[in-house]
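Visitor: Here is a sequence with its predicted model. Questions after.
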Amino acid sequence: VKPTGCRSCPTGCILLFCDMETVATVPYEGQKPGTSGLRKRVTVFHQVGYTENFIQSILNAVPPDRLPGCTLIVGGDGRYYMKQALDIIVQIAAANGVGRLVVGQNGILSTPAVSCIIRKRKALGGIILTASHNPGGMHGDFGIKFNTSNGGPAPEGVTTAIYEHTTTISHYKLYRNICVDLSQLAENTFLEGKFVVEVISSTSDYVDLMKEIFDFPLLKSFLTGSSGSKPFTILMDAMSGVVGPYARRVFCEELGAPKSSARNCEPLEDFGGRHPDPNLTYAADLVEILKRGDHDFGAAFDGDGDRNMILGKNGFFVTPSDSVAVIAAHSKAIPFFRAHGVKGLARSMPTGAAIDQVAIAEGLPFYEVPTGWKFFGNLMDADQLSLCGEESFGTGSSHIREKDGLWAVLAWLTILATTGQSVEEVVRSHWTKYGRNFFTRYDYEEVDSAGANKLMDELRVSVESLVGRRFDGGKGYEVKMCDDFSYEDPVDHSISQKQGIRIIFTDSSRIVFRLSGTGVSGATVRMYIDSYEKDASKHTQTTQEALAPLVAIALDISQLNKHTGRDKPTVIT
């Protein structure tokens, strides 16, 4: 007998017990979401009630009048534990009055796609299951992130409310026996029609949006050589993350590139044992392939699809700071910006200041914000910002409220198609016109938290005495100002403090120190060096040659090796 309000699950089993359960629980310490949600080791999420507590706390933080009957978008990057977390979300959402969950097929949705669908469906928000560029697998990392109705990461007021609920939670509610086959595109109806789980194509909505932004016929002609020119050869590396299905759909099916143009396109729970972070260290194999000279263009994407690395023929590397500046300088080549204009440009504070020069030359409003895409989102919602980027391989625009790796690649291909130049020629032409910002980042990953915090505390005190001090460093560097960066949002006037220690020299060179909020074990200390050079005769220097004096000064000021116990960084970008 099938009880009233129950139904067969898609796999054929009969849901015999459809009573809602209220499960007693106790709070777990440390469930405070950062700028990218709650990230922990998988083993932490495996604790009894840990995931349930956090999902219930997200829903508890939603205003009571907005939750009943609402729509939420749910998906993730395919990493280990995603499937179990999806089941929990379905069961808890049903018990808390959510009206509709829109879930990607097999649970797969890139972070940019979730933002896209939230905005298209006018949903209350979305839950993204990812730890972004962090390693996956049974012993790797997992994360849960809540995005709000604008499609962007939850602002601090929302994440604070979620955290406060995690500290007082005493129970969670769920329908334990509701199950959904996420491999089949379908509307699954439960509770006499009061709760629907809609399984949708992972790629269609996002691809439709890209077709509105870019000239796909132009790009197809460019890649295939159908206009009589030589085909433009590309190699896209999804790093066994979520971008794989999108890369196949866009570059191979829509734009006609050979199937061999997309590699590592099957999302894997452990990313094939790789670290899905698109940089010169973790995507070194792609760099080596490009160095052979067989491809005109290469790109890598991170686990959840919001980051990208751009490479040209022979492995020419485009820094993220240069990448966003080049796109800004060529924005008129992109149909979306021709139609809507460019309202303003922005970068995160640690990012190299290349885009600043474009804003000055083009007479565009410019914003320097703390690290975290939510700060860009506020400006976009106020119609003050169109294009922005972070040095951590994140680039995006106002089409959604997340950084977007695949969008950045399509923007680059558009620039290459319209200029007829190679990647290296485009970048060098940009340097000639605007000057070159030499930029590097040193990452010290998983260092002792106490040592990292002591480093930052000592720097906050010591940098005050640096103003006016001269360092040799070859040409001589005089400190103009030092501070711990703070930001007042021009839209909502909220204030964000202690966003990174800046040492700025009279020639506008900068040294920045900050702790990253994206790791799950220990602390990640990041040191950033940025130096502007207008003289074109000096643009051919390697980055490490140009910045060696400033790197030495930064290491001396910070005593970073002593505080971290490391004689070299984990990653140099």
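Guide: Arrived safely.
Visitor: Would you map the helices across the stretch 351-500 of the chain?
Guide: With DSSP state H, counting those that start in this stretch, the ranges of helices along the stretch 351-500 of the chain come out as 354-362, 373-381, 405-419, 423-434, 449-462.
Visitor: If you average pLDDT over each of the ones you listed, which is lowest?
Guide: Among the helices of the stretch 351-500 of the chain, helix 449-462 carries the lowest mean pLDDT, a mean of 84.
Visitor: sorry, back to before: closest one to P231 among the helices of the stretch 351-500 of the chain?
Guide: Closest to P231 of the helices of the stretch 351-500 of the chain, according to CB to CB: helix 405-419, at 12.1 Å. For every residue, glycine as well, the C-beta is placed using N, CA and C.
Visitor: The stretch 101-250 of the chain: strands as residue ranges?
Guide: Along the stretch 101-250 of the chain, the segments classed as strands by DSSP state E, counting those that start in this stretch run 125-129, 141-147, 171-174, 186-190, 195-200, 234-237.
Visitor: so can I have JSON lines of those showing mean neighbour count and mean pLDDT?
Guide: What follows is the strands of the stretch 101-250 of the chain, written out as JSON lines (neighbours: other CB atoms under 10 Å; pLDDT from 0 to 100):
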{"stretch": "strand 125-129", "mean neighbour count": "26", "mean pLDDT": "98"}
{"stretch": "strand 141-147", "mean neighbour count": "26", "mean pLDDT": "96"}
{"stretch": "strand 171-174", "mean neighbour count": "20", "mean pLDDT": "97"}
{"stretch": "strand 186-190", "mean neighbour count": "17", "mean pLDDT": "96"}
{"stretch": "strand 195-200", "mean neighbour count": "21", "mean pLDDT": "98"}
{"stretch": "strand 234-237", "mean neighbour count": "24", "mean pLDDT": "98"}
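Visitor: Turn the ones you listed into a markdown table, columns for distance to D304.
Guide: Listed next are these as a markdown table, based on distance: least, CB to CB, whole Å:
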| stretch | distance to D304 |
| --- | --- |
| strand 125-129 | 7 |
| strand 141-147 | 9 |
| strand 171-174 | 26 |
| strand 186-190 | 25 |
| strand 195-200 | 18 |
| strand 234-237 | 15 |
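Visitor: So for G305, which of these sits nearest?
Guide: Proximity to G305 (CB to CB) singles out strand 125-129 among those, at 10.5 Å.
Visitor: what's the least confident helix or strand in this structure, going by average pLDDT?
Guide: Of all helical and strand segments in the chain, the minimum by mean pLDDT, DSSP states H and E falls on helix 560-564, at a mean of 80.
Visitor: Report the buried residues of that helix.
Guide: 560, 563-564 (16 or more other CB atoms under 10 Å).
Visitor: what do you get for stretch 75-88?
Guide: The neighbour-count criterion (16+ other CB under 10 Å) identifies 75-82, 85-88 as the buried residues of stretch 75-88.
Visitor: Can you give me the end-to-end span of it?
Guide: By CA to CA, to the nearest Å, the extent of stretch 75-88 from end to end equals 13 Å.
Visitor: now swap in stretch 290-308 and tell me
Guide: With CA to CA as the measure, stretch 290-308 spans 16 Å from end to end.
Visitor: pLDDT below threshold where in the chain?
Guide: Counting by pLDDT under 70, the chain shows low-confidence ranges at 1-18, 473-474, 517-521.
Visitor: G468: neighbouring residues, count only.
Guide: Burial measure for G468: 10 neighbouring residues, criterion other CB atoms under 10 Å.
Visitor: between the buried residues of helix 560-564, which is nearest A328?
Guide: Sorting the buried residues of helix 560-564 by distance to A328 puts L560 at the head of the list, at 32.2 Å, by CB to CB.
Visitor: I'd say the closest one and M527 touch.
Guide: Yes. With contact defined as CB atoms under 8 Å, L560 and M527 form a contacting pair (6.4 Å).
Visitor: Find the residues that touch each one of the two.
Guide: Overlap between the contact sets of L560 and M527, as judged by CB atoms under 8 Å, 6 or more residues apart in numbering, is given by 442, 444, 513, 554.
Visitor: Quick check: the farthest pair among those?
Guide: Set against one another by CB to CB, the shared contacts of L560 and M527 have their most distant pair in Y444 and A554, with a gap of 12.4 Å.
Visitor: So between these two, which is more surrounded?
Guide: Applying other CB under 10 Å to Y444 and A554 shows that Y444 carries more neighbours, namely 25 against 21.
Visitor: is the more buried one in a bridge, and if so with what?
Guide: Counting by DSSP bridges, Y444 is bridged to V525.
Visitor: residue ranges for the helices of the stretch 201-350 of the chain, please.
Guide: Counting by DSSP H, counting those that start in this stretch, residue ranges of the helices within the stretch 201-350 of the chain are 204-213, 216-224, 243-247, 284-291, 320-329, 335-340.
Visitor: how about those in a markdown table, adding distance to N314 and mean neighbour count?
Guide: Conversion of the helices of the stretch 201-350 of the chain to a markdown table gives the following (distance: least, CB to CB, whole Å; neighbours: other CB atoms under 10 Å):
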| stretch | distance to N314 | mean neighbour count |
| --- | --- | --- |
| helix 204-213 | 28 | 18 |
| helix 216-224 | 19 | 18 |
| helix 243-247 | 22 | 28 |
| helix 284-291 | 6 | 17 |
| helix 320-329 | 17 | 27 |
| helix 335-340 | 30 | 16 |
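Visitor: picking that back up, what do Y444 and A554 both touch?
Guide: When CB under 8 Å, 6+ apart defines a contact, the residues bordering Y444 and A554 alike are 527, 560.
Visitor: Just give me the residue closest to the centre of the protein.
Guide: D306 (4.0 Å; CA atoms, centre = their mean).
Visitor: burial count for A536?
Guide: A536 is surrounded by 13 other residues when neighbours are defined as other CB under 10 Å.
Visitor: Tell me the spacing between it and T543.
Guide: The span separating A536 from T543 equals 16 Å under the rule CB to CB, to the nearest Å.
Visitor: picking that back up, how about the helices of the stretch 351-500 of the chain in TSV, adding mean neighbour count?
Guide: Formatted as TSV, the helices of the stretch 351-500 of the chain follow (neighbours: other CB atoms under 10 Å):
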stretch	mean neighbour count
helix 354-362	20
helix 373-381	24
helix 405-419	23
helix 423-434	18
helix 449-462	15
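Visitor: Any idea which of those gets closest to V98?
Guide: V98 lies closest, by CB to CB, to one member of the helices of the stretch 351-500 of the chain: helix 373-381, at 23.3 Å.
Visitor: The shared contacts of L560 and M527 in strands, which ones?
Guide: When DSSP state E is applied, the shared contacts of L560 and M527 are split such that 442, 444, 513 fall in strands.
Visitor: Out of these, the closest to C388 would be?
Guide: Using CB to CB, F513 is the member of these that sits closest to C388, with 22.5 Å.
Visitor: Dump the helices of the stretch 201-350 of the chain to CSV, plus distance to P370.
Guide: Listed next are the helices of the stretch 201-350 of the chain as CSV, based on distance: least, CB to CB, whole Å:
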stretch, distance to P370
helix 204-213, 27
helix 216-224, 34
helix 243-247, 27
helix 284-291, 30
helix 320-329, 16
helix 335-340, 25
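Visitor: Out of those, which gets nearest to G435?
Guide: When these are ranked by proximity to G435, the top entry is helix 320-329, at 10.3 Å, counting by CB to CB.
Visitor: The closest one packs against which elements?
Guide: Helices and strands in packing contact with helix 320-329 are listed as strand 308-312, strand 345-348, helix 354-362, strand 387-390, strand 394-397, helix 405-419, helix 423-434, strand 436-447; criterion 3 or more CB pairs under 8 Å, 6 or more residues apart in numbering; DSSP states H and E.
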